[in-house]
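**Q** model this:
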Amino acid sequence: MSQVNSKPAEFGKLRSFFWPVHSYELKKLLPMFVMFLCISFNYTILRDTKDTLIVTASGAETLPFLKVWGVVPAAVIFMLVYAKLSNILSKENLFYAAIAPFLIFFAAFVTILYPNREALHPNASADFIQSFLPTGLSGLVACYRNWTYSLFYILSELWGSAVLSLMFWGFANEISRVTEAKRFYTLLGLGANVALLLSGPAIIYFSDVTAFIKEGEDPWQYSLNYLMGMVVVAGLLIVAIYWWMNRYVLTDKRFYDPAEEKKGKKSKPKMGILESFAFLAKSKYILSIAIVVIAYGICINLVEVTWKGQLKLQYPVPNDYNAFMGKFSTFTGAVTIVMMFIGGWIIRKKGWGFAAMVTPVVLLVTGVGFFAFVIFRDNLSGFISALGTTPLMLAVLFGMAQNIMSKSTKYSLFDPTKEMAYIPLDQESKVKGKAAIDVVGARLGKSGGSFIQQGLLVVFGTIGAITPYVAIAMIACIIAWLFAVRSLSRQFTALTTGEAAKPAAPAPVTAGEPEKAAG
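**A** This next block holds a predicted model:
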C-alpha cells in the first residue's frame, strides 16, 4: 500500500503573504469566492438602498425604532423557522428554502409594492396617531406610515444576517478545516471587497439617471428597477454555485469527508427550540462569541445613526443620497482589499487573539474622533471656513472615514476571526449556536444600540442632542467587547491545540512524481 506525501510544499515568503493556496485547492476556493462575492454584492446594494429609502422618506430618527420593533422580531421568527427546518430538510434544501423568500420579495417590491406605495401607505391614520404622541416617537409612527419601505429595510437587514453570516459562513465552516480557514477566509473576504468595487459604481451609475429618464418619470423608480434586477440575478447565481459545489466539490474527499466530520463526535438527539437555547446558555464559549457579536452591533449602530443623520441633511434627495453611498461603498472596497492582505498576515503571524482585538481598538479610536468633531465642531468654525467647506460636509466626510475604517477591519479581521471561532465546535453547537448568535445575536446588538437611542430621543428629541450620550455608551460597550475577546482567545487556543496538530489534506501526486512507500 502506498501513500502520497501528506505535507504540501511550503509557500515562498511572498506567496504566503498574498496567495497561500495550492493549485489543487482552487476547485474549492474559487466557487466559494464567487459565491461570497455575489452575496456581498447584494448586501452592499441592499444596505445602501434600504438606508436611502428610510432616511430620505422618514429621517434617521426612524432607524432605531425600525431596528427594534421590526428587524429583531423578524430575526427571531426567521431563527425559529430555520431551527425547525434544520431538523426536517437536508442541508442543501435548507439553503434553498432560506434564500428563496428574499429573492421573491425584492422582485415583488419593484414590480408591485413601490409603484403602488401611495395607495398602500396609511398616511391619514399615521397623522392621527402622531397627533397624540410626543415628537420623540415620530420615528415609530414613520415605520407604520411607510410600511412597504419598512418591510424592505427588514428583509435587507436580514440578508446580511441570514444569507451572509448564517448560510454562507455556516456552509464554509462546515466544509473547511482550521488549517484551510487560516489561509482561505481572508481571501474569501476579498470577494466581499471586489463586490464593493463592483456594486459601488453600479449604485452611482443607476442613481444618476437624469440622462436616461423621460420627463414625468420617477427617477428613483428607474434606479430601483435596475438595482433590484441585479440583486435577483446575483441571487440566482448564488443558488447555481451552491448546487454545483454540492455535486462536484463536496464529493471530493480531498476537500470534504463527512466521515471525518463525524469521527470522534458523539451523536446527539435533536433538540427543540427551548432546549437549544438552554444548551447554548450553558456554554461559556458560545456566550463569549455572542458578546463579541452583540457588542459590535451596538457600537457600529451608535456611530452609523449619528452619521446618517448628518448625511440626510447634506443629501435630502434619494438619488443624491444613494449616489453618495455608492461612492462610500467603492472607497470601502478599495481600503478593505488592502486590509485583507494585512489581516491575513496578522491572523497567521500574530494569532487569533491579537487579530480579534484589532477591530474594537480601531472602532474606539475612530469613533471617539468622529463624535469629538461632531460635538465640538462649532469651536472650529474659523478653521473649517479656511478649508473652503462647511461644518456639515466635514462631519459627513469624518463619518465616512470612520465607517470605512471600521468596516475594513470588520471584513478583514472581525468576520474571519469570528467564523474561525465556530470551527472547533461540535455539529449541534455549530448549527443552532450559529443561528442563535448570527441571526438573533447580531440583531440584538443593533437593537441594543437602538434602545439606547430611542430612550435618549424620547427625552431629548433629536439625533444632534443625544450625540454626547451616545459617545459615552459606545466607549463603555467597546470595553466590555475587549474583555470578551480576551476570554474567548484563551478558550479558542485550548480547543484548537489538538486540531492544529492534524495533517493537512494530502496534495495530489503529479505526473512523474514518485510515491513514497508506506512505513
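**Q** list the buried ones in the longest helix belonging to the chain?
**A** In the chain, taking DSSP state H as the definition, the longest helix is helix 463-500. Going by neighbour count (16 or more other C-beta atoms under 10 Å), the buried part of helix 463-500 is 463, 466-467, 469-471, 473-474, 477-478, 481, 484-485, 488-489, 491-492, 496. Heads up, the C-betas are built off the backbone N, CA and C, glycines and all.
**Q** pLDDT of that helix, averaged?
**A** The predicted model assigns helix 463-500 a mean pLDDT of 83.
**Q** chain center to it: distance?
**A** Averaging C-alpha positions (C-alpha atoms, centre = their mean, to the nearest Å) puts helix 463-500 17 Å from its chain's average.
**Q** got it, and stretch 345-352?
**A** Distance, stretch centre to chain centre, for stretch 345-352: 22 Å (C-alpha atoms, centre = their mean).
**Q** ditto for stretch 91-106
**A** The chain centre lies 18 Å from the centre of stretch 91-106; the measure is C-alpha atoms, centre = their mean.
**Q** Buried residues in stretch 449-462, which are they?
**A** In stretch 449-462, counting by 16+ other C-beta under 10 Å, buried: 449-454, 456-457.
**Q** which residues does residue 167 contact?
**A** Taking C-beta atoms under 8 Å, 6 or more residues apart in numbering as the contact definition, residue 167 lies against 95, 98-99.
**Q** if you look at those residues, which of them are in strands?
**A** Taking DSSP state E, every one of these sits outside strands.
**Q** Mind checking which of these are buried?
**A** 95, 98-99.
**Q** In JSON lines: the buried residues of stretch 449-462, plus pLDDT and secondary structure.
**A** Below are the buried residues of stretch 449-462 laid out as JSON lines (pLDDT from 0 to 100; DSSP: H, G, I helix; E, B strand; the rest coil):
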{"residue": "449", "pLDDT": "80", "secondary structure": "helix"}
{"residue": "450", "pLDDT": "80", "secondary structure": "helix"}
{"residue": "451", "pLDDT": "81", "secondary structure": "helix"}
{"residue": "452", "pLDDT": "85", "secondary structure": "helix"}
{"residue": "453", "pLDDT": "82", "secondary structure": "helix"}
{"residue": "454", "pLDDT": "80", "secondary structure": "helix"}
{"residue": "456", "pLDDT": "81", "secondary structure": "helix"}
{"residue": "457", "pLDDT": "80", "secondary structure": "helix"}
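**Q** how much space between the residue most central in space within the chain and residue 119?
**A** What sits nearest the mean C-alpha location of the chain, by C-alpha atoms, centre = their mean, is residue 160, with 4.8 Å. Distance of residue 160 to residue 119, given as C-beta to C-beta, to the nearest Å: 30 Å.
**Q** Residue 340 in helix, strand or coil?
**A** Three-state secondary structure (criterion: DSSP: H, G, I helix; E, B strand; the rest coil) places residue 340 in helix.
**Q** Just give me the neighbour total for it.
**A** By other C-beta atoms under 10 Å, 25 other residues sit near residue 340.
**Q** Report whether the expected contact of it with residue 187 is present.
**A** Yes: between residue 340 and residue 187 there is a contact under C-beta atoms under 8 Å: 7.5 Å.
**Q** got the CA coordinates for stretch 347-367 in PDB?
**A** The C-alpha trace of stretch 347-367 is given here as PDB (Å, rounded to 0.1, in the frame of the first residue of the first chain):
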ATOM      1  CA  ILE A 347      -4.100  36.100  11.700                       C
ATOM      2  CA  ARG A 348      -1.300  33.800  10.600                       C
ATOM      3  CA  LYS A 349       1.600  35.500  12.300                       C
ATOM      4  CA  LYS A 350       0.100  37.200  15.400                       C
ATOM      5  CA  GLY A 351      -2.500  34.700  16.300                       C
ATOM      6  CA  TRP A 352      -6.300  34.700  16.700                       C
ATOM      7  CA  GLY A 353      -6.400  36.800  19.900                       C
ATOM      8  CA  PHE A 354      -4.300  39.700  18.600                       C
ATOM      9  CA  ALA A 355      -6.300  39.700  15.300                       C
ATOM     10  CA  ALA A 356      -9.700  39.700  17.200                       C
ATOM     11  CA  MET A 357      -8.500  42.700  19.300                       C
ATOM     12  CA  VAL A 358      -7.800  45.000  16.300                       C
ATOM     13  CA  THR A 359     -11.500  45.800  15.300                       C
ATOM     14  CA  PRO A 360     -12.600  47.100  18.700                       C
ATOM     15  CA  VAL A 361      -9.500  49.100  19.100                       C
ATOM     16  CA  VAL A 362      -9.900  50.700  15.600                       C
ATOM     17  CA  LEU A 363     -13.600  51.400  16.300                       C
ATOM     18  CA  LEU A 364     -12.700  53.000  19.700                       C
ATOM     19  CA  VAL A 365     -10.100  55.400  18.200                       C
ATOM     20  CA  THR A 366     -12.100  56.400  15.100                       C
ATOM     21  CA  GLY A 367     -15.400  56.600  16.900                       C
END
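**Q** residue contacts, residue 447?
**A** Counting by C-beta under 8 Å, 6+ apart, residue 447 makes contact with 67-68, 71-72, 297.
**Q** mind checking which helix or strand it is in?
**A** Secondary structure assignment for residue 447, by DSSP states H and E: helix 442-460.
**Q** With residue 227 instead?
**A** Taking DSSP H and E as the definition, one finds residue 227 inside helix 219-248.
**Q** what stretches of the stretch 1-150 of the chain score poorly on pLDDT?
**A** Filtered on pLDDT under 70, the stretch 1-150 of the chain yields the residue ranges 1-22.
**Q** Ignoring the adjacent residues along the chain, who's closest to residue 74?
**A** residue 154 (4.9 Å; C-beta to C-beta, 6 or more residues apart in numbering).
**Q** got the angle for the helix or strand in which the one you found is found vs helix 442-460?
**A** Residue 154 is part of helix 147-158, with elements assigned from DSSP H and E. Counting by axes from the mean of the first three to the mean of the last three C-alpha atoms, to 10 degrees, helix 147-158 lies at 130 degrees to helix 442-460.
**Q** Contact partners for residue 235?
**A** Listed by C-beta under 8 Å, 6+ apart, the contact set of residue 235 reads 38, 42, 99, 102-103, 106.
**Q** Most neighbours among those, which one?
**A** For the contacts of residue 235, neighbours tallied by other C-beta under 10 Å; top is residue 42, 30 neighbours.
**Q** quick one: it and residue 309, what's the gap?
**A** Going from residue 42 to residue 309 by C-beta to C-beta gives 26 Å.
**Q** tell me which residues in stretch 114-131 are buried?
**A** Neighbour-count burial for stretch 114-131 flags 114, 121, 126, 130 (criterion: 16+ other C-beta under 10 Å).
**Q** how about those residues in TSV, adding distance to residue 359?
**A** As requested, these are exported to TSV (distance: C-beta to C-beta, whole Å):
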residue	distance to residue 359
114	36
121	39
126	39
130	39
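**Q** quick check, nearest of those residues to residue 328?
**A** Nearest to residue 328 out of the buried residues of stretch 114-131 is residue 114 (C-beta to C-beta; 23.4 Å).
**Q** Excluding residues flanking it in the chain, which one is nearest that closest one?
**A** Leaving aside its chain neighbours, residue 114 sits nearest to residue 224 (6.1 Å; criterion: C-beta to C-beta, 6+ apart).
**Q** The one you found - how many residues pack around it?
**A** Based on other C-beta under 10 Å, the number of other residues close to residue 224 is 23.
**Q** what's the answer for residue 394, then?
**A** A count of nearby residues for residue 394, using other C-beta under 10 Å, gives 18.
**Q** what's the distance between it and residue 374?
**A** Look at residue 394 and residue 374: by C-beta to C-beta, they are 10 Å apart.
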